[in-house]
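[1] structural data only, the sequence is not supplied:
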């Protein structure tokens, strides 16, 4: 089955929904307008049940097939935006200062809404489809909150699938892999307390800026010297704050950053090495160093069987040569990982073409992707729930 004719016919309509969402971005769990828009559409389409408030502000629509009883599968999209100022110029640019859809969640939501409309019209399957609209993917763990709210049990979801756009991958192509496809994430904040003083008399101080500078370099050895080179680990320092005056050595300095890994044992070892490095440098320089370490999203792990299934569905839409079945893992994090820990399933990338990268102020979801994504969702549901 190539792209659905109905999906192609609906492209302009769905793009209109997407652009409306793009103009009104919301952050984290505070996606009240977005959730209300989704809820209104699902009810308008004729979903058999629409449940709001899951995972605080998540929405789930239930669509029963006309071919009898069967399993329930979940199809998930994320709704939240990012705290970024959009580069102006588009007629549908963000109207909210400091907020924009810089990751394409507006497109993900619109495509799943389009699929929901099609599926309620045709109902060409047995069992039920749960269309899941999730808040707070960008750091809030909304997927985890929906799972903890009992979503899987409440709707008896047996398998769950997710999709994300990928800039640089041509429109009409898909990419996936079995096993780890996106990284586990952790965040750290390290505070160095020395002894401040006059910048002209550094010998009377314990300079936290010099110490913290040493620490930034030493942390890179977690990847380069403490981890097997064939394993994947990223340690990035992304913040450095210290001092307020030209002639004062401050009392404290602070750095923060992120750790990305693909295996639990590597994640554990990375935290241990970061703490050991901080202890050693503190002793060497006579400072006090405290580490606040927060492990958050787990590895996004594709079930091998469901990955083959999702790959075959994508190939039926795009053609086998347009599906990359063994891509390299992406070291970004994704809280669909929590849903994959709760149920077997798979996460797939869909090409966004040669656009700006994710989380960039010039990024925009490519509306040409819409019929491809809709067709994938519909084909996946109809194939998984064939009578």
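    Yep, it's here. All values reported here derive from a predicted model rather than from experimental measurement.
[2] can you show me the strands along the stretch 101-250 of the chain?
    128-134, 157-166, 174-175, 179-182, 184-193, 197-198, 233-242, 248-249 (DSSP state E, counting those that start in this stretch).
[3] which of those sits closest to residue 70?
    strand 128-134 (7.4 Å; Cβ to Cβ). No exception for glycine: its C-beta is placed from N, CA and C like everyone else's.
[4] quick check: angle from that closest one to strand 157-166?
    With axes from the mean of the first three to the mean of the last three Cα atoms, to 10 degrees defining the directions, strand 128-134 sits at 50 degrees from strand 157-166.
[5] okay, now the sheet partners of strand 128-134, with direction.
    strand 58-64 (antiparallel), strand 72-78 (parallel) (DSSP bridges).
[6] retrieve the pLDDT associated with residue 179.
    We have a pLDDT of 98 for residue 179.
[7] tell me how far it lies from residue 146.
    24 Å (Cβ to Cβ, to the nearest Å).
[8] those two - which one has more neighbours?
    Just comparing residue 179 and residue 146: by other Cβ atoms under 10 Å the higher neighbour count belongs to residue 146, 29 against 14.
[9] give me the distance between residue 34 and residue 63.
    20 Å.
[10] which of the two has more neighbours?
    Looking at residue 34 and residue 63 with other Cβ under 10 Å, you find the greater number of neighbours at residue 63, namely 28 against 25.
[11] and residue 44, how many neighbours?
    Residue 44 has 10 neighbouring residues, counting by other Cβ under 10 Å.
[12] one more: residue 71?
    Using other Cβ under 10 Å, residue 71 has 13 neighbouring residues.
[13] tell me the contacts of it?
    127-128, 156, 158-159, 384-385 (Cβ atoms under 8 Å, 6 or more residues apart in numbering).
[14] show me which of those residues are buried.
    Listed as buried from those are 127-128, 158-159, 384-385; burial here means 16 or more other Cβ atoms under 10 Å.
[15] name the nearest residue to residue 384, sequence neighbours excluded.
    Once flanking residues are discounted, residue 384 sits nearest to residue 73: 5.0 Å by Cβ to Cβ, 6 or more residues apart in numbering.
[16] so that neighbour is in contact with residue 132, correct?
    No. Applying Cβ atoms under 8 Å, one finds residue 73 not in contact with residue 132, separated by 10.3 Å.
[17] in what helix or strand does residue 259 lie?
    For residue 259, the element it lies in under DSSP states H and E is strand 252-261.
[18] past that strand, which element shows up next along the chain?
    helix 264-285.
[19] past that following helix, which element shows up next along the chain?
    In the C-terminal direction, the helix or strand that comes right after helix 264-285 (DSSP H and E) is strand 288-295.
[20] now for that following strand, which elements pack on it?
    The contact analysis (3 or more Cβ pairs under 8 Å, 6 or more residues apart in numbering; DSSP states H and E) places strand 288-295 against strand 184-193, helix 264-285.
[21] downstream of that strand, the next helix or strand is which one?
    Where DSSP H and E defines the elements, the next helix or strand beyond strand 288-295 is strand 300-302.
[22] for that next one, name the packing helices and strands.
    strand 179-182, helix 336-342, strand 345-351.
[23] what's the end-to-end length of stretch 49-69?
    Stretch 49-69 has its terminal residues 16 Å apart, counting by Cα to Cα, to the nearest Å.
[24] so what's the gap between it and the chain middle?
    Stretch 49-69 sits 22 Å away from the centroid of its parent chain (Cα atoms, centre = their mean, to the nearest Å).
[25] same check, this time on stretch 42-59
    With Cα atoms, centre = their mean, you get 21 Å for stretch 42-59.
[26] got the end-to-end distance for that stretch?
    10 Å.
[27] buried sites along it?
    42, 45, 47, 50-51, 54-59.
[28] for stretch 357-366, same thing?
    358, 360, 363-366.
[29] out of those, which are inside helices?
    Of the positions in these, not one sits in helices, assigned by DSSP state H.
[30] return the most buried member of the strands of the stretch 101-250 of the chain.
    Burial of those is given as mean neighbour count (mean count of other Cβ atoms under 10 Å); strand 128-134 ranks first at a mean of 28.
[31] what's near enough to touch residue 211?
    Counting by Cβ under 8 Å, 6+ apart, residue 211 has contacts 192, 194, 253, 281, 285, 287, 289.
[32] again with residue 232
    Applying Cβ under 8 Å, 6+ apart, we find residue 232 in contact with 183, 260-262, 266, 329, 331.
[33] could you measure from it over to residue 5?
    42 Å.
[34] cool, and residue 202?
    For residue 202, the distance to residue 5 - Cβ to Cβ - is 74 Å.
[35] pLDDT score for the residue nearest in space to the middle of the chain?
    Geometric centre of the chain, nearest residue: residue 334, 3.4 Å, by Cα atoms, centre = their mean. pLDDT for residue 334: 97.
[36] so it sits right up against residue 164, yeah?
    Yes. The pair residue 334 / residue 164 is scored as a contact, 7.1 Å apart, by Cβ under 8 Å.
[37] neighbour count, pLDDT and distance to residue 103 added to the contacts of residue 232, as CSV?
    CSV is the format used below for those (neighbours: other Cβ atoms under 10 Å; pLDDT from 0 to 100; distance: Cβ to Cβ, whole Å):
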residue, neighbour count, pLDDT, distance to residue 103
183, 27, 98, 16
260, 25, 98, 17
261, 27, 98, 21
262, 21, 97, 21
266, 22, 96, 26
329, 16, 97, 18
331, 17, 96, 15
